[in-house]
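S.K.: give me the fold of what follows.
(chains A and B)
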Protein chains: 2
Amino acid sequence: MTQLVMGKSEVYQNALPELNPSYRLLLGPGPCNVDPRILRIASAPQLGHIDPEFFAIMEETAYLLRQVFQTKNEMTLCVSGSGFSGAEAVLSNLLEEGDTLIAGSLGFFSGQIVEISERAGAKVVNLATELGQPLAPETLAQAFKEHPEAKVFATAIAETSTGLWQPLEELERITHAHGALFVVDAVCGLGGVPMDVDAMKIDACYAGSQKSLGALPGLAPITLNDRAVKVIENRKKPVQTYYLNLHKLHRYWNGDHTYHHTACSNLVYTMREALRISLEEGLEARWKRHQLNGEALRAGVKALGLSILTQPGYELPVLTAITLPEGVDELAIRNGLLNEYQIEIGGGFGALKGRLIRIGLMGYNSCRKNVDTVLSALEHVLPRSGLQPAAGAALAAADAIYKAKT
Amino acid sequence: MTQLVMGKSEVYQNALPELNPSYRLLLGPGPCNVDPRILRIASAPQLGHIDPEFFAIMEETAYLLRQVFQTKNEMTLCVSGSGFSGAEAVLSNLLEEGDTLIAGSLGFFSGQIVEISERAGAKVVNLATELGQPLAPETLAQAFKEHPEAKVFATAIAETSTGLWQPLEELERITHAHGALFVVDAVCGLGGVPMDVDAMKIDACYAGSQKSLGALPGLAPITLNDRAVKVIENRKKPVQTYYLNLHKLHRYWNGDHTYHHTACSNLVYTMREALRISLEEGLEARWKRHQLNGEALRAGVKALGLSILTQPGYELPVLTAITLPEGVDELAIRNGLLNEYQIEIGGGFGALKGRLIRIGLMGYNSCRKNVDTVLSALEHVLPRSGLQPAAGAALAAADAIYKAKT
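M.R.: Presented below is the predicted three-dimensional model:
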């Protein structure tokens, strides 16, 4: 782009035109397309961040969020930032310099628990799993044996980089048997797979807005129970961040609403609407819907002659990670879908770069129409990469699942 | 609010109704009402955060932002958060444990430079001014004499808590004579008062979206020159934050677009549109508009019998801080405006709580219609607080300014 001549000319040169973004079908790892109700409320009249009317909306949003998290935790709020801002808010407020954290890192995303915690000054015991596999409880038990001082164990219920749905029961039991805090990354899971923060005895949990919850990006829902709050209250040193200071954020959201930062009213509107939509559908119905469409997609993908990266039995319904045969050009597949079909899907991260495609069916986007659409589009573009899926096999396989399960 | 019965009932009880926010005239310290073009683009179709089409929009947004900052700095981008997230991104990346920062803290907002820097591990020399007054250059010179090791001097061009517009020339000269970095908080200034980052020799600058720039809250524009970038590159220890890591953010915005976090496409659209609107008007025309309306408002406020907190000659055109006589109930005035006129104005912060009202005329809201509207409304509500403004005097005083200056 030509650099505009700066200064005093008062001529707006090289003017950029009005923006008209393409209409994409967002079947990547999130964001997903949101319900039209959410885009509509995004352009509603603004409210100031300390308007009493906005405080009521924040209280309602936290109230709805507690229902979706299934928790009675008072400290339940949205951080003004992406999912990682929620991760950092939780971890950096809980951890102090020299604390030990055990990380159950399952891939790129929950793997950032390691970096965030180290930057916060913690010593990290990194239990990285084979990609696509959950953490073995005995590995965690062994780590606690070697690091009885560990203050926190943090892992994810859903790892978007590998499409893994990790069982938490045993990990929770071991963590609490050693007196540590049980922290769960639910960035992509909340709203898509069963989450019951209180019943699952999760001490602190952070989520994303733009994934299974079906809201716009820009807010990170978090919840901490009294035990976690007490850890924050008893810190020896102040937390290193002002922006992600949970004590102040909690006071702004759930206390006397003392100013902490300028929250974006319109983003909070969209979160409130997404939570309403989730609860209108019903959490169990929503989980079942994600489960059904994920299963149909996996059946179709296998019928295309492709295989699933994730260990069988642990596949995430909201995100399917598909291994490509050696020599197949992942980017050509993604570009074909994007340019000819306006469909976005995801690629692989880190060690999986170029070897994976990832298809998300999250929130509003988890429906049969999208399963059929993406399978048809894949059937069309795969031959260019040298793959020869049998015509119609994918849709038939998906159809069989729908027939059997509905 | 009654706590909803959680669990498996699948009945969405205590359902909350659809949201219909009131239409407020936002004449507080920001957010301001945005141009309807901005709300319209807020509900445009979403794009993924690593869509090539979105990368082009990010590049365009950074390109426009450089024009508004008047800089050629490559590291120019938006942090996904409020103005304070921009402040913390700049300060925590520049500062390491044990570094000395001199703070020119002018009130509540630039005063947070102290807290943010201390949390980042810096030793802070806090040069707090009398409220409403700028920092005296000799005070800064003395501080540098006593703390020649100081690495950064940080202050604000515009302090919203006191309506102060601070001259920067002398402060810059002294800072650079001592080899320190010159960091400027322009959260409320950018787009409203002359800012020329390169000509003013500012090493690092952070701004807000929802103030004079006239965008929605949720993004913090920042810019750093090569000297500041080098300081970040030469850090001894990693910066404590993942989310606000400028190296990674810069790579995502201006480099090869390697994923760092999920930016909200729709918020970036609104920023791009706000920048287009600013540049279509022309920066100098925009500053003059803010100047004129601010002057008219101050004249009207004085004609109401009230006085300006800020030291004469240093009044910020975009935010007017008005001292209330002893015994006048600030909250009654603000509530009267809010409930009867749907007008939001600001109150006082910290030491000024209850003693001030603050009126913002920022971005789209800086116009004669709003000056006349808020003066009329004030004339109506002030008598209830025992004040007796002369009928019509405020509008006449504002009118005289418009007649003389246009």
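S.K.: contact partners for the closest residue to chain B within the stretch 51-200 of chain A?
M.R.: Here the stretch 51-200 of chain A gets closest to chain B at one residue, residue A:82, 4.2 Å apart by CB to the nearest CB. For every residue, glycine as well, the C-beta is placed using N, CA and C. When contacts are counted by CB atoms under 8 Å, 6 or more residues apart in numbering or on different chains, residue A:82 touches A:208, A:217, A:218, A:220, B:80, B:243, B:261, B:262, B:263, B:264.
S.K.: mind checking how far the third one is from residue A:42?
M.R.: Distance of residue A:218 to residue A:42, computed by CB to CB, to the nearest Å: 10 Å.
S.K.: which neighbours do those two have in common?
M.R.: Shared contacts of residue A:218 and residue A:42, defined by CB under 8 Å, 6+ apart, are found at residue A:267.
S.K.: circling back: assign the residue lying closest to the residue of the stretch 51-200 of chain A closest to chain B once chain neighbours are set aside to helix, strand or coil.
M.R.: Leaving out its chain neighbours, the residue that sits closest to residue A:82 by CB to CB, 6 or more residues apart in numbering or on different chains is residue B:261, at 4.2 Å. Using DSSP: H, G, I helix; E, B strand; the rest coil, the structure places residue B:261 in coil.
S.K.: do residue A:104 as well
M.R.: At residue A:104 the chain is in strand, as set by three-state DSSP.
S.K.: if it is in a bridge, with which residues?
M.R.: residue A:127, residue A:155 (DSSP bridges).
S.K.: residues contacting it?
M.R.: By CB under 8 Å, 6+ apart, the contact list for residue A:104 reads A:110, A:127, A:129, A:135, A:140, A:153, A:154, A:155, A:156, A:166, A:171.
S.K.: just put these in TSV and tack on pLDDT and neighbour count.
M.R.: Shown next, in TSV, are the contacts of residue A:104 (pLDDT from 0 to 100; neighbours: other CB atoms under 10 Å in any protein chain shown):
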residue	pLDDT	neighbour count
A:110	94	29
A:127	98	19
A:129	97	21
A:135	98	27
A:140	98	23
A:153	98	29
A:154	98	30
A:155	98	26
A:156	98	31
A:166	98	22
A:171	98	24
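S.K.: touching, the residue nearest to residue A:82 and residue B:243? I think so.
M.R.: Yes - using CB atoms under 8 Å, residue B:261 is in contact with residue B:243, at 6.7 Å.
S.K.: where do the contact lists of those two overlap?
M.R.: Common neighbours of residue B:261 and residue B:243, counting by CB under 8 Å, 6+ apart, are A:81, A:82, A:84, A:85.
S.K.: could you report the distance from the first one to residue A:87?
M.R.: Relative to residue A:87, residue A:81 is positioned 10 Å away (criterion: CB to CB).
S.K.: and of the contacts of residue A:104, the nearest to residue A:401?
M.R.: Lowest distance from residue A:401 to those (CB to CB) belongs to residue A:166, with 23.3 Å.
S.K.: any idea how far residue A:136 is from that closest one?
M.R.: 11 Å.
S.K.: do the same with residue A:187
M.R.: Residue A:187 is 23 Å from residue A:136, where distance means CB to CB.
S.K.: in the stretch 1-150 of chain A, which spans are strands?
M.R.: A:25-26, A:75-79, A:100-105, A:123-128 (DSSP state E, counting those that start in this stretch).
S.K.: still on that earlier bit, of residue A:187 and residue A:136, who's got more company?
M.R.: For the pair residue A:187 and residue A:136, the greater number of neighbours falls to residue A:187 (32 against 15), based on other CB atoms under 10 Å in any protein chain shown.
S.K.: was I right to think the more buried one contacts residue A:160?
M.R.: Yes - the criterion here is CB under 8 Å, and residue A:187 meets it with residue A:160 at 7.4 Å.
S.K.: what bridges to the residue in the stretch 301-406 of chain A positioned nearest to chain B?
M.R.: Nearest residue of the stretch 301-406 of chain A to chain B: residue A:344, at 4.9 Å (CB to the nearest CB). Beta bridges link residue A:344 to residue A:26, judged by DSSP bridges.
S.K.: surely it touches residue A:23?
M.R.: No - with contact defined as CB under 8 Å, residue A:344 does not count as touching residue A:23 (11.1 Å).
S.K.: so between those two, which is more surrounded?
M.R.: The residue with more neighbours, out of residue A:344 and residue A:23, is residue A:344; 27 against 11, by other CB under 10 Å.
S.K.: next up, the contacts around that one.
M.R.: A:24, A:25, A:26, A:27, A:28, A:334, A:337, A:338, B:48, B:51.
S.K.: which of these lies closest to residue A:393?
M.R.: residue A:337 (18.6 Å).
S.K.: burial of the closest residue to the closest one other than its chain neighbours, as a residue count?
M.R.: Closest residue to residue A:337 apart from its sequence neighbours, by CB to CB, 6+ apart: residue A:343 at 4.3 Å. For residue A:343, the count of nearby residues is 22 (other CB under 10 Å).
S.K.: then residue A:247?
M.R.: Applying other CB under 10 Å, we find 17 residues neighbouring residue A:247.
S.K.: please apply the same query to the one 10 residues further on.
M.R.: Look at residue A:257: counted by other CB under 10 Å, it has 17 neighbours.
S.K.: where's it, which helix or strand?
M.R.: Secondary structure from DSSP states H and E places residue A:257 outside every helix and strand.
S.K.: I figured it hits residue A:49, correct?
M.R.: No - Residue A:257 is beyond contact range of residue A:49, at 9.3 Å (criterion: CB under 8 Å).
S.K.: re the thing from before, identify the contacts common to residue A:81 and residue A:87.
M.R.: Both residue A:81 and residue A:87 are contacted by residue A:220, under the criterion CB under 8 Å, 6+ apart.
S.K.: looking at these two, which one has more neighbours?
M.R.: The neighbour comparison of residue A:81 against residue A:87 (other CB under 10 Å) goes to residue A:87, with 32 against 28.
S.K.: grab the nearest non-local neighbour of that one.
M.R.: Nearest residue to residue A:87, sequence neighbours excluded (CB to CB, 6+ apart): residue A:206, at 5.3 Å.
S.K.: checking that neighbour next. Helix, strand or coil?
M.R.: Applying three-state DSSP: residue A:206 is strand.
S.K.: what's the spacing between it and chain B?
M.R.: 12 Å (CB to the nearest CB, to the nearest Å).
S.K.: who's in contact with that residue?
M.R.: So residue A:206 contacts A:79, A:83, A:86-87, A:89-90, A:184-187, A:220-222 (CB under 8 Å, 6+ apart).
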